[in-house]
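Visitor: My questions are about this predicted structure, shown below with the sequence.
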Amino acid sequence: MRVRTDCRACRGKNLAEVFSLGEQPYANAYVRPEDLHQPEPVAPLELMQCDDCGMVQLKHVVSPDNLFRDYCFQTSSSSRMMSHFADLMAEAVDKYVPFDGIVVEIGSNDGSALASIQRPDIVRLGIDPAENLAATARTIGVPTISDFFTSSVASSVARELGKADLIVAANVLGHIDDLDDLFMGIKILLKPRGAMVIEVPELSRLVNGTEFDTIYHEHLSYFDQKPLSLLAARHGFQVVDFSRHETHGGSMRLTISHGNVKPCMASKLHDWHGFRQRCNLSRSRLMDFLTKQRLAGQTVWGYGAPAKATVRLNFCNVGTDLMPAIVDCTPQKQGRHVPGTHQAILTPAELLAQQPDVAVVLAWNHYTEIVVKEWEFVASGGRFCLPMTY
Ligand code: DWN
């Protein structure tokens, strides 16, 4: 682990701490039963804001090899996200990819977004460090390099496959420490008239929505529009399209292309004191709710074991006495335990089989999809609720 002392967007040194969740386990480091009594890796979660350009980033950088090589999260765990990324690909391919064009996805996960491209003429390539997910992608016909995207990987792809008409990076820029090398790779790999579509959660939505559970070690950077545009401009890219979307608590999508624009330094500061107060209120309200349910003899489980659940349960110190189990549809998470608080992660079928009284939807960004899918749980008397409102 190392400490980052310069701003990832403008390379300035005027970073100040604005928020801290203290020491936390790695959000996706689900614990095998046989390891429950072993020490788990933890690291501080401290947000720093750049006084010059407003960029927000983690102070501590955990080695990506420790976080991404054997990765539990799968895009295909949500049909709503699958259709979201299918729409993104369809729109971008239609706009930017000629016949026989090349599309490269950085952070391609299980290949589901690339697999959604309906044009057989297009050459597709995924790049993702998770060897387990790269293997899954290949089984559905998506060629995938199981490695981190770097400027050297970009050079070899450009040499062996050709330059790309379209590069997609959805929910991945925030995970990369060396963004200068990333953009050097984009410079190499993207055709002169090519386009890159970047999608990331928007910091303003995180702060205004008290989405503190989206702060974890994988997420090194927390972007607003201006610092991300500044970062792109610093590397010779211009923003040619911008839109906002409701995924992952509120995201923004920027399309960039080669082009020199003057980098604009505009520091957007946030009300971090108010944010901290709301996080503490959210914690006390969750604990009050769970304590009241237990005193009333009600059993409460979690629904969804996203990375967000690890952060929320550890920050709120929710033990297995208040929430004994969580259900999740991801095979690789089932049978393991939540890092730190150790709730057992069961299959969704167990929800009906054991019928707890309440299920707190910890994957709150998928609330509608989950409640519709699990209608039998409600029909049998179960209640869903969100961790922010009770
Ligand atoms: O940045 C990242 C975001 C985009 O995705 C990654 N670093 C990690 C991941 O974050 P997450 O784990 O918070 O993502 P989700 O999509 O909020 O995770 C949802 C979880 O809920 C998954 O484990 C699957 C589960 N789930 C379920 O059990 N039943 C989801 C749905 C929709 C369901 O019906």
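Guide: Looks like it arrived, so ask away. Numbering: from 1, shown residues only.
Visitor: The helix or strand containing residue 301: what's the following helix or strand?
Guide: Assigned by DSSP states H and E, residue 301 falls within strand 300-303. Toward the C-terminal end, the helix or strand that comes next after strand 300-303 (DSSP H and E) is helix 307-315.
Visitor: What average pLDDT does that following helix get?
Guide: Per-residue pLDDT over helix 307-315 has a mean of 98.
Visitor: which bits of the stretch 251-390 of the chain sit near the ligand?
Guide: Contact residues (C-beta under 6 Å from any ligand atom) of the stretch 251-390 of the chain with the ligand: 304-308, 328-330, 333, 363, 365-366, 369-370, 373. C-beta here means a position set from N, CA and C on the backbone, and glycine is covered the same way.
Visitor: And the stretch 51-200 of the chain, by the same measure?
Guide: By C-beta under 6 Å from any ligand atom, the residues of the stretch 51-200 of the chain that approach the ligand are 73, 77, 78, 171.
Visitor: 8 Å instead, please
Guide: Contact residues (C-beta under 8 Å from any ligand atom) of the stretch 51-200 of the chain with the ligand: 72-75, 77-81, 170-172, 174-175.
Visitor: ok, which stretches of the stretch 1-150 of the chain are strands?
Guide: 2-3, 15-25, 42-50, 56-58, 60-61, 102-106, 123-127, 144-145 (DSSP state E, counting those that start in this stretch).
Visitor: To what extent is residue 324 buried, counted in neighbours?
Guide: The number of residues packed near residue 324 is 17, by other C-beta atoms under 10 Å.
Visitor: picking up where we left off before, could you dump the strands of the stretch 1-150 of the chain to TSV with mean neighbour count and mean pLDDT?
Guide: Shown next, in TSV, are the strands of the stretch 1-150 of the chain (neighbours: other C-beta atoms under 10 Å; pLDDT from 0 to 100):
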stretch	mean neighbour count	mean pLDDT
strand 2-3	10	96
strand 15-25	16	97
strand 42-50	21	97
strand 56-58	26	98
strand 60-61	16	98
strand 102-106	26	98
strand 123-127	23	98
strand 144-145	22	98
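Visitor: Turn those strands into TSV, including distance to residue 356.
Guide: Shown next, in TSV, are the strands of the stretch 1-150 of the chain (distance: least, C-beta to C-beta, whole Å):
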stretch	distance to residue 356
strand 2-3	42
strand 15-25	24
strand 42-50	29
strand 56-58	35
strand 60-61	36
strand 102-106	38
strand 123-127	38
strand 144-145	39
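Visitor: nearest to residue 322, of the ones you listed?
Guide: Of all the strands of the stretch 1-150 of the chain, strand 15-25 sits nearest to residue 322, with 18.1 Å by C-beta to C-beta.
Visitor: Mind listing the strands the closest one pairs with, and their directions?
Guide: Strand 15-25 has its sheet partners listed here by DSSP bridges as strand 42-50 (antiparallel).
Visitor: quick revisit: who does the strand holding residue 301 pair up with?
Guide: Strand pairing for strand 300-303, determined by DSSP bridges: strand 325-327 (parallel), strand 358-361 (parallel).
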